[in-house]
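>>> kindly generate the corresponding structure for this input.
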Amino acid sequence: MIAAQQCLQRMKAGRVNVAFLQNKANRILSSISTESSSSAWVMNDGSAKISTRLFSAPAAAYNQTVDIFPSIVIGSDGVLSAQGPFAESQAQFLKPDEEAVKDLAAKLKEANMGVVAHYYMDVELQGVLTSIQKQQLNENGSSRIAIADSLAMGDFACKMCEDGATSIACLGVDFMSESVATIMTRNGFGHIPVYRATAKHIGCSLAESAENEMYRAWLQKGRMNNDSALHVVYINTSLETKAVSNSIVPTITCTSSNVMATMLQASAEVPGVKILYGPDTYMGDNLVTMFTSILDSGWDDAKIAKDMHPKHNRESIRMLRDSIDVFPSGNCVVHHMFGNEVVNTVKEKYNDAFVTAHLEVPGEMFEIAMAKSLIDQGTVGSTSDILKFISRKVRDAIDEENVNPSGEKRRLKFILGTEAGMVTSIVKSVQDILEAAKSSNVETEIIFPVAPEAVSGTDDDEISVVPGVAGGEGCSTAGGCATCPFMKMNDLDALSDISDMVIQNNDEAKLRSHLPPQRLAGKQINGIDAIDLGSEPILFMRHFMLEKSMPQSLVKKITSDAS
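Predicted coordinates:
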């Protein structure tokens, strides 16, 4: 309580913001957590051992009762209006403080630092970064600010290095900084440091579900029971997980946007391959559901070959679906919460809305979006897929209005089935589209499928609510999950501080503490460098994305295991 009051005092003094208070609360929650997860690590002799890390495990989905969801409406003139306390707490930072923008822009320029941030960053930080990005584009034609999904963050970082950046700030959870550093190293930029916003461990409930003996046992069983097995591992895992997994079974990394294509290509090149997918249980089950929906909807061989993969047909899709073995015990604390009454409200009160769902959301929410996607009334996929879908629908509505003007306002409604931090990029895209259109009667409503009460009340007269709730880490016992507590460990103050440290450059030890985790440095597994083993699945994925084929070295590993 004392800490909360101190935060409120700082807020009123103008020193911090709502996001800081939520971040502070999450750190306090994290520090008193008593649940633990085991994580595998490797000794120089090649043996794998288990260490214990404290973190808050995701609870089961709450019983959520809600009649109406909070939302942000983007008017036809681009002006925002918020409905519900949670939406208000998000919207207030979509137009950032000019002094905050000016101050951070100057620091990043002096530090010669690029910034790659995930879509799930807190809204205030995203708002400031988006404004700096726009300024840089206007002044230089390029920007050293990128807000993207976890894979694209590494690509953007490399482009910033090519442009002359001498350090990169990676705003995300720890596995993202590992991935960014790995991609930079493989592209010749290993000498350029990647800094995290905090020296503390920035965990991830999903990533940590793969860092235990259960996951290793599942992989070992999958390999023993199948002649040719391929582990398709979600990129949202640590380098350690990728290394240990790759030492057990041939492994390729995937993202939520290319996971289906990866499975299709692997099964086309290695007929009869057994797909071991993990650690995200919801995503794996949803992929099986997608293949089943395609078969049940009556797609014939010609449509499958045209719209999915030229070497597939109904029989091969059925065989692929049946070959997928999903890890049964992994999920994201945010997407885990889209269930119960939240789903019922979507069905009963928002039948006229487009429904978007990340591949990580629970089955019933996903099934609604999947059914709608078959008639182009929704989408399922990655954060980038969701952003592209909403942007396309807004453009289509404006084009239709220009061809057949009605003279009346038309509102497009979108259920945002992923972390609320996505709203910053969505609002920016829609506003840019509206600005380019000059004149439009199209309004856009972004609906958060959480309770309007997904905020915490205070006894302060000036600040009555703050984001985050008493019921859990960014979740409401009354209405679902809104924000990721781990991502919110990245805030404006933290980025400003790391910029100062780089500029001053007088505390090397402190700067080193902000580097990505180095748990694999100097370690080997079965006589192979552990970092190389962890990097290989990422390189396999990048080869597939560039060449549209599986690397022959990966195919050889799978088939040689079979022989």
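
>>> so where do the strands sit in the stretch 351-500 of the chain?
Listed in chain order, the strands found in the stretch 351-500 of the chain under DSSP state E, counting those that start in this stretch are 354-358, 378-381, 410-417, 442-447, 455-457, 465-467, 475-476, 480-481.

>>> least confident of these, on average?
Lowest mean pLDDT within these: strand 465-467, at a mean of 37.

>>> residues of the helix ranked longest in the chain that come out buried?
Counting by DSSP state H, the longest helix found in the chain is helix 383-403. Buried residues in helix 383-403, defined by neighbour count with 16 or more other C-beta atoms under 10 Å: 383-387, 389-391, 393-395, 397-398, 401. (Each C-beta comes from the backbone N, C-alpha and C, glycine too.)

>>> other SSEs contacting that helix?
Secondary-structure packing of helix 383-403 (3 or more C-beta pairs under 8 Å, 6 or more residues apart in numbering; DSSP states H and E): strand 354-358, strand 378-381, strand 410-417, helix 423-437, strand 442-447.

>>> quick check: angle from it to helix 423-437?
Angle between the axes of helix 383-403 and helix 423-437 is 30 degrees (criterion: axes from the mean of the first three to the mean of the last three C-alpha atoms, to 10 degrees).

>>> got a list of contacts for helix 383-403?
119-120, 148-149, 152, 256-257, 354, 356, 358, 378-379, 410, 412, 414, 416-418, 422, 425-426, 429-430, 433-434, 437, 440-442, 444, 446 (C-beta atoms under 8 Å, 6 or more residues apart in numbering).

>>> now do that helix: distance to the chain's middle.
22 Å (C-alpha atoms, centre = their mean, to the nearest Å).

>>> now do it against strand 410-417, angle only.
Using the same axes, to 10 degrees: helix 383-403 against strand 410-417 is 170 degrees.

>>> tilt between helix 383-403 and strand 354-358?
160 degrees.

>>> so how many other residues sit close to Asn140?
The tally of other residues near Asn140 (other C-beta atoms under 10 Å) stands at 10.

>>> also Asn490?
25.

>>> isn't it up against Ala197?
Yes. Judged on C-beta atoms under 8 Å, Asn490 makes contact with Ala197 at a distance of 4.3 Å.

>>> common neighbours of the two, please.
What both Asn490 and Ala197 touch, as defined by C-beta under 8 Å, 6+ apart, is the set Leu171.

>>> which secondary structure element of the protein has the lowest mean pLDDT?
strand 48-54 (a mean of 33; mean pLDDT, DSSP states H and E).

>>> now for the next helix or strand along the chain from it, which elements pack on it?
On the C-terminal side of strand 48-54, the closest following helix or strand by DSSP states H and E is strand 71-74. Contact here means 3+ C-beta pairs under 8 Å, 6+ apart; on that basis strand 71-74 packs against strand 80-83, helix 85-91, helix 423-437, strand 442-447.

>>> for strand 71-74, what is the distance to the chain centroid?
For strand 71-74 - counting by C-alpha atoms, centre = their mean - the centre lies 22 Å from the chain centre.

>>> partner strands of it and their direction?
strand 80-83 (antiparallel), strand 442-447 (antiparallel) (DSSP bridges).

>>> now the strands for the stretch 151-300 of the chain?
Going by DSSP E, counting those that start in this stretch, the stretch 151-300 of the chain shows strands at 167-171, 194-196, 229-234, 251-254, 274-278.

>>> give the pairing partners of the last one; include direction for each.
The pairing partners recorded for strand 274-278 under DSSP bridges are strand 229-234 (parallel), strand 324-326 (parallel).

>>> tilt between the very next helix or strand once past the last one and strand 410-417?
Going back to what we said before, that points to strand 324-326. The helix or strand immediately downstream of strand 324-326 is helix 341-349, counting by DSSP H and E. Regarding helix 341-349 and strand 410-417, their directions subtend 160 degrees when assessed with the same axes, to 10 degrees.

>>> mean confidence for helix 341-349?
84.

>>> can I get it in CSV, CA atoms only?
The C-alpha trace of helix 341-349 is given here as CSV (Å, rounded to 0.1, in the frame of the first residue of the first chain):
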residue,chain,number,x,y,z
GLU,A,341,-18.5,-15.3,-20.4
VAL,A,342,-16.1,-13.2,-22.5
VAL,A,343,-16.8,-15.7,-25.4
ASN,A,344,-20.5,-15.7,-24.6
THR,A,345,-20.6,-11.9,-24.8
VAL,A,346,-18.8,-11.9,-28.2
LYS,A,347,-21.5,-14.3,-29.5
GLU,A,348,-24.5,-12.6,-28.0
LYS,A,349,-23.7,-8.9,-28.1
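
>>> what is it packed up against?
Helix 341-349 packs on helix 363-373, going by 3+ C-beta pairs under 8 Å, 6+ apart.

>>> measure how far the helix it packs on is from the centre of its chain, please.
Distance, centroid of helix 363-373 to centroid of chain: 19 Å (C-alpha atoms, centre = their mean).

>>> of the contacts of helix 383-403, select the buried ones using a PyMOL command.
Command for PyMOL that selects the buried part of the contacts of helix 383-403, burial taken from 16+ other C-beta under 10 Å:
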select buried, resi 119+120+148+149+152+256+257+354+356+358+378+379+412+414+416+417+418+422+425+426+429+430+433+434+437+440+442+444+446
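
>>> need the strands of the stretch 151-300 of the chain in JSON lines with mean pLDDT, distance to Ser406 and mean neighbour count, can you?
JSON lines is the format used below for the strands of the stretch 151-300 of the chain (pLDDT from 0 to 100; distance: least, C-beta to C-beta, whole Å; neighbours: other C-beta atoms under 10 Å):
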{"stretch": "strand 167-171", "mean pLDDT": "97", "distance to Ser406": "43", "mean neighbour count": "26"}
{"stretch": "strand 194-196", "mean pLDDT": "97", "distance to Ser406": "50", "mean neighbour count": "27"}
{"stretch": "strand 229-234", "mean pLDDT": "96", "distance to Ser406": "44", "mean neighbour count": "26"}
{"stretch": "strand 251-254", "mean pLDDT": "96", "distance to Ser406": "43", "mean neighbour count": "27"}
{"stretch": "strand 274-278", "mean pLDDT": "97", "distance to Ser406": "46", "mean neighbour count": "24"}
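
>>> would a markdown table of these with distance to Ala369 be doable?
Below are these laid out as a markdown table (distance: least, C-beta to C-beta, whole Å):
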| stretch | distance to Ala369 |
| --- | --- |
| strand 167-171 | 28 |
| strand 194-196 | 33 |
| strand 229-234 | 19 |
| strand 251-254 | 20 |
| strand 274-278 | 20 |
